[in-house]
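> Structure for the following, please:
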Amino acid sequence: MDVINVNIPDNKPIFRWVFIVLPLVLLLLSLILTAIFYQQLPDRVAYHFQDSLPDKWLGRGAFITWLLIPQVFFTLLAFIVVRVVLLSARYWPTDNTPMKRILPVMGNMVALPQIIITFTMLDIFLYNAYQVKLVPVWVFALAIMILGVVVLGVFFVQTIRQARRQHVKTHQE
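As a prediction, this is how the structure comes out:
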C-alpha cells in the first residue's frame, strides 16, 4: 500500500485573528451593550413594535439570551469557515493564490448579519430604557445589505482582476 506524502509549503496561510476580527468585535460590543443596559431594562422587555408601539414582550433574561446566542453563533461560524478553508490549503497552488486575499473577507463577511443584530439590540435597549427609537430596523438592514453588496462586489472584482493578471503573467513566462 502506497502512502501519499503531502508536504505543505511554507507559504501556506495560517490562522490569524484578523480573519475574524469583525465578528469578534461585534460579539464584544454586544456583551458591553448588554452589561451597560442590563440594570436599566424592565423585567419585561418590549421587543416587537406595531406602529411604533410595543405589542410583544419577553422576560429580560430570555430576551438577552435570544440576542446573544446569534452573536456567539455567527462568531463561531466565522471561525469554523476560516479553519475549514485553511484545512484545504494543502491543495492550493504553491504560487500567490487569490485565496489568501479572500480569507479575511470570508471570515469577516459573517459580520453583516451581526451588525444588524447589534443595531436591533441597541434599538430595543434604548426604547426600553429611555423610550427612544432609532431609525426603523428594516431601513438600517437595507442600508447594511446594500453597503455589503457594494464592498463585496468591489473586492471580488479586484480579486478577479488580480487572478487574471497572474494567469496572464504565468502563461507569458
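> Going toward the C-terminus from the helix or strand of the chain with the lowest mean pLDDT, what's the next helix or strand?
None of the helices or strands of the chain scores lower by mean pLDDT, DSSP states H and E than helix 99-108, at a mean of 81. For helix 99-108, the succeeding helix or strand toward the C-terminus, using DSSP states H and E, is helix 111-130.
> which stretches of the chain form strands?
44-50, 53-59 (DSSP state E).
> What count of nearby residues applies to Val45?
23 (other Cβ atoms under 10 Å). Glycine gets a C-beta too; all of them are placed from N, C-alpha and C.
> Tell me the confidence at the residue nearest to Phe49 when sequence neighbours are not counted?
The shortest distance from Phe49 to any non-neighbouring residue, by Cβ to Cβ, 6 or more residues apart in numbering, is to Asp55 (6.7 Å). pLDDT, Asp55: 88.
> Thr94 now?
61.
> now Phe15
We have a pLDDT of 86 for Phe15.
> ok so, going back, so what's the residue count around the residue nearest to Phe49?
Neighbours of Asp55 using other Cβ under 10 Å come to 10.
> Likewise for Val82?
Neighbours around Val82, by other Cβ under 10 Å: 22.
> quick one: contacts for Pro70?
The contact partners of Pro70, taken as Cβ atoms under 8 Å, 6 or more residues apart in numbering, are Pro113, Gln114, Ile117.
> rerun that using 10 Å as the cut-off
By Cβ atoms under 10 Å, 6 or more residues apart in numbering, the residues touching Pro70 are Leu27, Ser30, Leu77, Pro113, Gln114, Ile116, Ile117, Met121.
> which residues touch the residue lying closest to Leu24 once chain neighbours are set aside?
The shortest distance from Leu24 to any non-neighbouring residue, by Cβ to Cβ, 6+ apart, is to Thr75 (6.1 Å). The neighbourhood of Thr75, defined by Cβ under 10 Å, 6+ apart, consists of 20, 22-28, 30, 107, 110-111, 114.
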